[in-house]
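Engineer: Predicted model and sequence follow; I will ask about them next.
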Amino acid sequence: QVQLVESGGGLVQFGGSLTLSCAASRFTLDHWAISWFRQAPGKEREGVSCISSSHGTIYYVNSVKGRFTISRDNAKNTVYLQMNSLKPEDTAVYYCAMDFFSVCPSTPTPRAINSWGQGTQVTVSS
């Protein structure tokens, strides 16, 4: 069974930066698209970003374009989400997720997810 472990969350001030990491064990990620989702209290889980297995396709939700960067290091079996210029509305639990396919869907959706990490809390203070 795939195990995805997120790290790098925390408390940061408005305008600050964090880098989230998603590491996999017992499974290599390089054949699969990897997505980041987030869920704020009382809200639905939202697809934030996705990177295809070949780095050829990258998706960002409009609200994070220009501020977040997704990347992957297949040699380290790890996917990253660099988050800059953070805003209070970015506060949420962030989850990495392995897709069923090697390419990203047009919009990340929980229906396309095979495995989830446990989540890491990101809190942005104003």
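Structural biologist: Nice, I can see it.

Engineer: so who does R26 touch?
Structural biologist: Q1, V2, Q3 (Cβ atoms under 8 Å, 6 or more residues apart in numbering). In short, each C-beta sits where N, CA and C put it, glycine included.

Engineer: before we move on, what about C96?
Structural biologist: L4, E6, L20, C22, I34, S35, W36, F37, V79, L81, W116, G117.

Engineer: Output the contacts of R26 as TSV; include the columns pLDDT.
Structural biologist: Shown next, in TSV, are the contacts of R26 (pLDDT from 0 to 100):
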residue	pLDDT
Q1	73
V2	79
Q3	88
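
Engineer: Among these, which one has the most neighbours?
Structural biologist: V2 (15 neighbours; other Cβ atoms under 10 Å).

Engineer: Hmm, T28 and that residue touching each other?
Structural biologist: No - assessed by Cβ atoms under 8 Å, V2 is found out of contact with T28, at 9.7 Å.

Engineer: on that earlier part again, ok, so of the contacts of R26, who is nearest P41?
Structural biologist: For the contacts of R26, the closest approach to P41 (Cβ to Cβ) belongs to Q3, at 25.9 Å.

Engineer: tell me the contacts of T91?
Structural biologist: A40, V122, T123, V124.

Engineer: so is G56 in a helix, a strand, or just coil?
Structural biologist: When classified by DSSP: H, G, I helix; E, B strand; the rest coil, G56 comes out as coil.

Engineer: Chain neighbours aside, what residue packs nearest to T69?
Structural biologist: Leaving aside its chain neighbours, T69 sits nearest to Q82 (4.3 Å; criterion: Cβ to Cβ, 6 or more residues apart in numbering).

Engineer: can you map out the helices along this protein?
Structural biologist: Remark: helices of the chain are absent; assignment by DSSP state H.

Engineer: The spatially most central residue of the chain pairs with what?
Structural biologist: Residue closest to the mean C-alpha point of the chain, counted by Cα atoms, centre = their mean, is W36 at 2.2 Å. W36 has the following beta-bridge partners by DSSP bridges: S49, C96.
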